[in-house]
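Novice: What follows is a predicted protein model with its sequence.
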Amino acid sequence: MKKVFGRPKSMKANIFHYCAGCGHSIAHRLIAEVIDELDIRGITIGVPPAGCAVLAYNYFDVDMIEAQHGRGPAMATGIKRVLPDRIVFSYQGDGDLAAIGIAESFHAANRGENITVIFINNAVYGMTGGQMAPTSILGQKTTTSPTGRQSVLEGHPIRVSEIFSLLPGTTYIERCTVNSPASILRTKKAIRKAFQCQIDGLGFSLIEILSPCPTNWKMTPVDSCRWIDEAMSKEFPLGILKDVPAEQKKGERRHAG
Amino acid sequence: MSGHIIIDRELCKECHLCIQACKKGLIIPSHEYNSRGYRPVCFKKEGKECTGCALCAITCPDIAIEVYRE
């Protein structure tokens, strides 16, 4: 019998520290598979965040450098400018990208830095115990919003992908999720496209992944996958928000026609 | 097409997402603990219905499942 699925080469044999049913480890695997498929393992540099994925360097078998909390895109900018032939990706959670690091991420996107950002949106602060994040949806119960998030008190959830897609510097932005086999395969395709954008030198790409956090949502892994479909993807609609290469191709075809 | 999966008992964290993913119901919960205190799932081999579609492995957050296909 032929082996058709196993651990990607860019992934070390360590056991993940993530909780059961966590979306982080799925996202890790998809990135590693894409790195294998594009054969860029030797030239890839990853920037893990502060948050649950702070130990991502224990799992990826590529060069990794830890950034200060929220400063992933700033550090990735520096690496990419010094070593433009490397493939640089920043891996960030919602507390890291949408809260403390929103300025760095926003300005890196606005400058159109040729980097890839993987943004894990699980609607809570996972590592610190499930506090409300900027991306918590209205009515969501967290440890700091025990009666549910209210817009008058805590404001509305931030739709990072929509905001970034308005910036002229960004190239490819897609929101996907990892709650079913089909959506996982779609997410892998999106990550591959984002890395390809960077290889082609097109500019800033961001993949937002709606990721289950069963521990802090206080649900079973199966229920939390369902909650993404029922509640979270209503607030954060899935799909491609910006695809400059495809638009350009369409424009060329129109010219030719 | 026939397939086969191998579940790494030490990696499984009993999230049971693979049970949902398997359309043939070939993965079942178990009562035995592993060294880390989880009860890893089992693969029912008897029926030999596994097609090696790899949906279970794609869903598995802990890369605990290897898939083989003929």
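Specialist: Alright, I've got the coordinates.

Novice: contacts and neighbour counts: CA atoms only from here.
Specialist: OK.

Novice: Give the burial count for B:Glu46, as a bare number.
Specialist: Per other Cα atoms under 10 Å in any protein chain shown, the neighbour tally for B:Glu46 reads 8.

Novice: Chain A: strands as residue ranges?
Specialist: Under the criterion DSSP state E, strands of chain A are mapped to A:2-5, A:44-47, A:63-64, A:87-93, A:116-121, A:124-125, A:131-132, A:170-177, A:204-210, A:239-243.

Novice: And chain B, by the same measure?
Specialist: With DSSP E as the criterion, chain B has strands at B:3-7, B:27-28, B:42-43, B:65-69.

Novice: Show me which residues of the stretch 51-200 of chain A sit near chain B.
Specialist: Taking Cα under 8 Å from any Cα of the partner chain as the criterion, the stretch 51-200 of chain A approaches chain B at residues A:Asn179, A:Ser180, A:Pro181, A:Ile184.

Novice: Report the beta-bridge partners for the residue in chain B positioned nearest to chain A.
Specialist: Closest to chain A within chain B is B:Tyr68: 4.3 Å, counting by Cα to the nearest Cα. When assigned by DSSP bridges, B:Tyr68 has beta-bridge partners A:Lys3, B:His4.

Novice: coming back round to it: which one of the residues of the stretch 51-200 of chain A next to chain B is nearest chain B?
Specialist: Within these, the smallest distance to chain B is 5.5 Å, found for A:Pro181 (Cα to the nearest Cα).

Novice: I'd like to know how many residues surround the closest one.
Specialist: Taking other Cα under 10 Å as the definition, A:Pro181 ends up with a neighbour count of 19.

Novice: now swap in A:Leu153 and tell me
Specialist: As a burial measure, the neighbour count of A:Leu153 was computed by other Cα under 10 Å and equals 8.

Novice: ok, now A:Arg226?
Specialist: For A:Arg226, the number of neighbouring residues by other Cα under 10 Å comes to 15.

Novice: Just give the nearest non-adjacent residue to it, would you?
Specialist: Distances taken as Cα to Cα, 6 or more residues apart in numbering or on different chains put A:Asn179 closest to A:Arg226, at 7.6 Å, once the chain neighbours are dropped.

Novice: Please list the residues of chain B that sit near chain A.
Specialist: On the criterion Cα under 8 Å from any Cα, chain A has as its neighbours in chain B the residues B:3, B:11, B:13-17, B:20-21, B:54-63, B:65-70.

Novice: Buried ones among those?
Specialist: When burial is judged by neighbour count using 16 or more other Cα atoms under 10 Å in any protein chain shown, the buried members of the residues of chain B next to chain A are B:3, B:11, B:13-17, B:21, B:54-63, B:65-69.

Novice: Out of the residues you listed, which sit inside helices?
Specialist: The helices in this structure, assigned by DSSP state H, contain B:Leu17, B:Ala21, B:Leu55, B:Cys56, B:Ala57, B:Ile58, B:Thr59 from those.

Novice: Surely the last one and B:Cys22 touch.
Specialist: No. If you go by Cα atoms under 8 Å, B:Thr59 and B:Cys22 don't touch, sitting 9.7 Å apart.

Novice: Give me the neighbour count for whichever residue of chain A sits closest to chain B.
Specialist: Using Cα to the nearest Cα, the single residue of chain A nearest to chain B is A:Lys3, 4.3 Å away. Around A:Lys3 sit 14 other residues, with neighbours defined as other Cα under 10 Å.

Novice: so what's the residue of chain B closest to chain A up against?
Specialist: Applying Cα atoms under 8 Å, 6 or more residues apart in numbering or on different chains, we find B:Tyr68 in contact with A:Met1, A:Lys2, A:Lys3, A:Val4, A:Phe5, B:Gly3, B:His4, B:Ile5, B:Gly52.

Novice: if we can go back for a sec, now render the strands of chain B as CSV, adding distance to A:Glu33 and mean pLDDT.
Specialist: Shown next, in CSV, are the strands of chain B (distance: least, Cα to Cα, whole Å; pLDDT from 0 to 100):
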stretch, distance to A:Glu33, mean pLDDT
strand B:3-7, 19, 93
strand B:27-28, 25, 94
strand B:42-43, 25, 94
strand B:65-69, 14, 94
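
Novice: could you dump the ones you listed to a markdown table with distance to A:Arg86?
Specialist: Putting these into a markdown table (distance: least, Cα to Cα, whole Å) gives the following:
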| stretch | distance to A:Arg86 |
| --- | --- |
| strand B:3-7 | 36 |
| strand B:27-28 | 42 |
| strand B:42-43 | 42 |
| strand B:65-69 | 31 |
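
Novice: right, and those - which one's nearest A:Ile240?
Specialist: strand B:65-69 (30.5 Å; Cα to Cα).
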